[in-house]
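Student: heads up, no residue letters with this:
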């Protein structure tokens, strides 16, 4: 392009470039670039002119050349594929008629804040400083996959609308960010992909919105975040996929609303997370899948959980806030995989760590009751007997109650109707209490049972007391064995 071909607006940009001076065509600071299609030639700049300046622009001794442009309508395609740009580029509050394609480029710095464009391609590029897309609006996909960014990425208040695209609306998969990923109030219609991204700093998704109903709204498989992920107030319509994610700090979803009816709302299976917070969130609509994950601190109110969860082999150290076991047990009853013994053991361990032995016993009782439903009918009968007599070993005082009750029944019956002796000339004095104890206790003998022979229904009572004694002794032994094994 010949230099003589420049329009007055382009001449102004060309003259400011060598000195790094800003050119602002805006009529007021709050001007919206959405109306940029109606801007006239006095603020229109061809993309080819900008490309020429960035690749081979004039230099001025003692000055740092830079492209600093605001409020311009940029016509034509800004094509910098494979280019190396040594100058900072700030194209804020601009309106782009055509897509920006900077695939596999090398940039010093790029700022497209508050600009409007059809789409942006930066895949496999390298940026030596920050990438700023604050308040930008894209009517098509924003492709940042595989990009290496030494500084932070700013997508706060950005709006990306590409719900019908065959590819994700926002792509950051396999990207590397050397500082924070700052995207509060980000709004994306279509899939957002963060799979395999490595982020050295914080991730801020507070009040962000991801809309892709019936499909994946946010894909962050194998995300590696070296600090906290702040996502308070996040709204997601569609699936959040975080399988294999590694988050060193806290994943804070407090006050969020996750909705994917009929499917999985949040899948964070096989993940390693420092803390997972769901305080004050709306009840999750869809399945919560935390299988095989390790979470140091798990924090949520019981009513946040959906009607179906997947907790197989989930391990956690602390469960907050502290609630009675009766409020936490429904999440285990609603496990998609049915009876999962490990889930009960994990909840028991959390209560024991908190020093709440009563809650731990309640959970273990619930586990045994749930397990009983999986057994054959005859084994279920034995389970009912163990629970009724000693509470599966968690309520040993029940055995004493049963023993005293049966002792009282037998002693009263045989005191009112003394059984005749087997040998009239050789028998000890009859004692109804010790006679009943002889029947009840299968090991200890007081010499009463073998000396007297009741008749009629009293003989049937003796048989019943003997059988009851054996059942009671067996269940007590099973309960003691279970208690010792727990210790």
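Tutor: Nice, I can see it. The structure presented is a predicted model; accordingly, all values stated were derived computationally and were not measured.
Student: make it CA atoms for all contacts and neighbour counts henceforth
Tutor: Fine.
Student: Quick check: pLDDT value at the residue lying farthest from the centre of the chain.
Tutor: What lies farthest from the middle of the chain is residue 425; by C-alpha atoms, centre = their mean that is 80.8 Å. With respect to pLDDT, residue 425 scores 70.
Student: Can you tell me how far it is from residue 451?
Tutor: Noted for residue 425: a distance of 11 Å to residue 451, by C-alpha to C-alpha, to the nearest Å.
Student: what do you get for residue 275?
Tutor: 70 Å.
Student: Look at these two and report which has more neighbours.
Tutor: residue 275 (21 against 18; other C-alpha atoms under 10 Å).
Student: the helices in the chain, which residues?
Tutor: Under the criterion DSSP state H, helices of the chain are mapped to 8-16, 47-56, 325-333, 341-353, 357-372, 377-390, 397-416, 432-440, 457-486.
Student: so who does the closest residue to residue 36 other than its chain neighbours touch?
Tutor: Nearest residue to residue 36 in three dimensions, chain neighbours excluded: residue 95, at 5.1 Å (C-alpha to C-alpha, 6 or more residues apart in numbering). Residue 95 makes contact with 33, 34, 36, 37, 71, 72, 73, 74, 115, 116, 117, according to C-alpha atoms under 8 Å, 6 or more residues apart in numbering.
Student: List the residues that contact the nearest residue to the second one once chain neighbours are set aside.
Tutor: Nearest in space to residue 34, with sequence neighbours left out and distances taken as C-alpha to C-alpha, 6+ apart, is residue 116 at 6.3 Å. Contacts for residue 116 (C-alpha under 8 Å, 6+ apart) come out as 33, 34, 93, 94, 95, 96, 136, 137, 138.
Student: again, but for residue 348
Tutor: Going by C-alpha under 8 Å, 6+ apart, residue 348 touches 359, 360, 361, 363, 364.
Student: Output the below-cut-off pLDDT ranges for the stretch 301-450 of the chain.
Tutor: 382-400 (pLDDT under 70).
Student: Same question for the stretch 151-300 of the chain.
Tutor: Using pLDDT under 70, the stretch 151-300 of the chain drops low at 165.
Student: sorry, back to before: give the bridge partners for the residue nearest to residue 34, please.
Tutor: Beta-bridge partners of residue 116, counted by DSSP bridges, are residue 95, residue 137.
Student: pLDDT at it, what is it?
Tutor: At residue 116, the model reports a pLDDT of 98.
Student: For the closest residue to residue 415 other than its chain neighbours, the count of nearby residues, please.
Tutor: Closest residue to residue 415 apart from its sequence neighbours, by C-alpha to C-alpha, 6+ apart: residue 432 at 5.4 Å. Per other C-alpha under 10 Å, the neighbour tally for residue 432 reads 22.
Student: what do you get for the one 4 residues further on?
Tutor: Other residues near residue 436 come to 25 when the count uses other C-alpha under 10 Å.
Student: Next: residue 426.
Tutor: Counted with other C-alpha under 10 Å, residue 426 comes out at 9.
Student: how much space between it and residue 64?
Tutor: Distance from residue 426 to residue 64, by C-alpha to C-alpha: 122 Å.
Student: Likewise for residue 56?
Tutor: Taking C-alpha to C-alpha, one finds residue 56 at 14 Å from residue 64.
Student: if you count what's nearby, which of those two comes out ahead?
Tutor: Shown here are residue 56 and residue 64; by other C-alpha under 10 Å, residue 64 has more neighbours (14 against 11).
Student: got a pLDDT number for the more buried one?
Tutor: We have a pLDDT of 94 for residue 64.
Student: oh, and call the first residue 34 from now on, that's how I've got it
Tutor: Yep, numbering from 34; the last one is residue 97 now.
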